[in-house]
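Novice: Take this sequence and fold it.
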Amino acid sequence: MFRKPGPIFPRRGHCWVTNHAQILARGCSDLQSGWSAMSCEGNCRDNAAKLCGHLIEATRFPSWEGDTAMNPILSLCIPAYNRPEELRQLLDNLAGETGNVTEIVISEDCSPRRDEIEAAVDAFGRSHPKVTLRYSSNAKTLGYDGNLRRLVELSHGDYCVFMGDDDLLQPGALKLIEEAVRHPNVGVVLRGWRAIDKTTSTVLHQHRYFSGDRFFAAGPETVAAFFRRSVFISGLTVRRDAALAAATSEYDGTLLYQLHLVGTLLMSMNGFYLSSEIALNRQGGEHFFGSSDVERSRFEPGKLTPAHSLHFIEGLFRIARGLAKTQRNEMLYQRILVEVSRSSLPLLAIQAKRLRKSEFAGYGRDLASMGLGRSTLFWAYYSGLLLAGPHVCEAAVRAYLRIFGRTPVFAGAEGRSVHLAG
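Specialist: The predicted structure follows:
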């Protein structure tokens, strides 16, 4: 009489949502079909089938569109590609953090290990039925930028909290983000984060950008302050309706779609900085950038060549120029350029470890010609890496962070200090 429930995954390119109501509705549907197939006389069969129909309608998962009372505050948005085990670990990490204010949204980008990812999400959904979970599998590989845009479309929260599928969230992080977005007209939440070794969990470096939690008023100075600090995505939070309004495919293939969102939103909305290390960036895994058609001419999976780095930085400046043009504010581009130039050590160091000195010298000149050479700090970093080497420079950076507890702020907006209740 009872049918065995089928898989909870739809056709490729579609989305499912699971919670207690859906599970009950599925059971009622099975009952209804079973009763309808019975050969018993009229009233018994018809009344049972009608009762099941009412139960299905009553337990149908409510539509959150246009129903503010049902909207979660936060949507945890995870772009998934080819990392089923890491995604499983992230979901387990998130399980204790979610509640009525949060949903988990996953967009799988048509990767070779798609079936394993679906199995991991299916297992998590079945073992955590109280967690609101949305899953979508793209019919074709959209790439990093397109998949972020897809996540914003799929989510129902007031805010989207992005998480890399191989990163982790710190305990209590969502509570802090929830408190931050309750401040007036917040469009973007920036946060501190920590990089750890994926295998040993050894702390590699910490990233705190300002002293304490801070509130930033909307405008070009805040855009410049947040722009380059939003490259790492895990824990970065944006207002969903504003992100939907800012949607564009113009920057697909840059791997930096979030910078477009951050810059656009902060011109008219406020920013908030959380000094706590909200996310853990697990380093040491393989990257898959270059797997989509729009990325293939610029990047190659698993590799990090000077050409890749130059394409990445060119994309960053292309977004900055586009933002300045859209906002009709040429000085905005200049502010971003100066900020990136003053903080260009990571952009140099990433290739200093891989190249011979003569090759690195050429790479540095290429960066300078892109506009980074306008700051004396760029040339100080370049000379230090060339003469003393990356290991000495990294030791100096670690010493600075131990003493001051955050990365240096050379100029620009620093926001207003605030105290969160948590």
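Novice: Ala95 versus Pro129, what's the distance?
Specialist: Distance, Pro129 to Ala95, using Cβ to Cβ, to the nearest Å: 11 Å. In this view, the C-beta of every residue, glycine as well, is placed from N, C-alpha and C.
Novice: With Asp366 instead?
Specialist: Separation of Asp366 from Ala95 (Cβ to Cβ): 45 Å.
Novice: count of residues packed around the residue lying closest to Gly219 once chain neighbours are set aside?
Specialist: Using Cβ to Cβ, 6 or more residues apart in numbering and skipping the chain neighbours, the partner closest in space to Gly219 is Met267 (6.9 Å). Met267 has 17 neighbours, counted by other Cβ atoms under 10 Å.
Novice: Adjust the sequence numbering to begin at 20 for everything that follows.
Specialist: Okay, residue one is now 20; in that scheme the one you just asked about reads as Met286.
Novice: my guess is Met286 meets Gln346, correct?
Specialist: Yes. The criterion here is Cβ atoms under 8 Å, and Met286 meets it with Gln346 at 5.6 Å.
Novice: joint contacts of the two?
Specialist: When Cβ atoms under 8 Å, 6 or more residues apart in numbering defines a contact, the residues bordering Met286 and Gln346 alike are Pro239.
Novice: what's the closest residue to Arg227 other than its chain neighbours sitting at in phi/psi?
Specialist: In space, and not counting its chain neighbours, Arg227 is closest to Arg425: 3.9 Å by Cβ to Cβ, 6+ apart. Dihedral pair for Arg425: phi -160, psi 170, per degrees, to the nearest 10.
Novice: Okay, helices next: where are they in the stretch 120-269 of the chain?
Specialist: With DSSP state H, counting those that start in this stretch, the ranges of helices along the stretch 120-269 of the chain come out as 133-146, 163-173, 192-200, 239-246, 259-264.
Novice: what's the burial count for Pro203?
Specialist: Close neighbours of Pro203, defined as other Cβ under 10 Å, add up to 8.
Novice: Over to Lys159?
Specialist: Around Lys159 there are 12 residues (other Cβ under 10 Å).
Novice: which phi and psi does it have?
Specialist: Reported as degrees, to the nearest 10, the phi and psi values for Lys159 are phi -140, psi 160.
Novice: And for the one 3 residues further on?
Specialist: With angles defined as degrees, to the nearest 10, Gly162 sits at phi 90, psi 170.
Novice: mind listing what it touches?
Specialist: Applying Cβ under 8 Å, 6+ apart, the residues near Gly162 are Asp128, Asp271, Gly272, Ser310, Ser311, Asp312, Val313, Glu314.
Novice: With only the CA atoms kept, save the helix ranked longest in the chain in CSV.
Specialist: Assignment by DSSP state H gives helix 325-346 as the longest helix of the chain. In CSV, the C-alpha atoms belonging to helix 325-346 read as follows (Å, rounded to 0.1, in the frame of the first residue of the first chain):
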residue,chain,number,x,y,z
PRO,A,325,51.8,34.7,-13.2
ALA,A,326,49.3,35.0,-16.1
HIS,A,327,46.6,33.8,-13.8
SER,A,328,47.5,36.4,-11.1
LEU,A,329,47.6,39.2,-13.7
HIS,A,330,44.2,38.1,-15.1
PHE,A,331,42.8,38.2,-11.6
ILE,A,332,44.1,41.7,-10.8
GLU,A,333,42.9,42.9,-14.2
GLY,A,334,39.5,41.6,-13.4
LEU,A,335,39.5,43.5,-10.1
PHE,A,336,40.4,46.8,-11.8
ARG,A,337,37.8,46.1,-14.5
ILE,A,338,35.1,45.9,-11.8
ALA,A,339,36.4,49.0,-10.1
ARG,A,340,36.3,50.9,-13.5
GLY,A,341,32.8,49.7,-14.2
LEU,A,342,31.7,50.8,-10.8
ALA,A,343,33.1,54.2,-11.2
LYS,A,344,31.5,54.5,-14.6
THR,A,345,28.1,53.4,-13.3
GLN,A,346,28.3,55.8,-10.4
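Novice: what comes into contact with it?
Specialist: Here helix 325-346 has contacts from 239, 242, 246-247, 250, 269-270, 272-275, 278-279, 282-283, 286, 317-319, 349-352, 355-356, 359, 366, 369-370, 374, 378, 381-382, 385-386, 389-391, using Cβ under 8 Å, 6+ apart.
Novice: Let me see the mean pLDDT of that helix.
Specialist: Here helix 325-346 scores 96 as its mean pLDDT.
Novice: do the same with stretch 164-183
Specialist: Mean pLDDT, computed over stretch 164-183, is 98.
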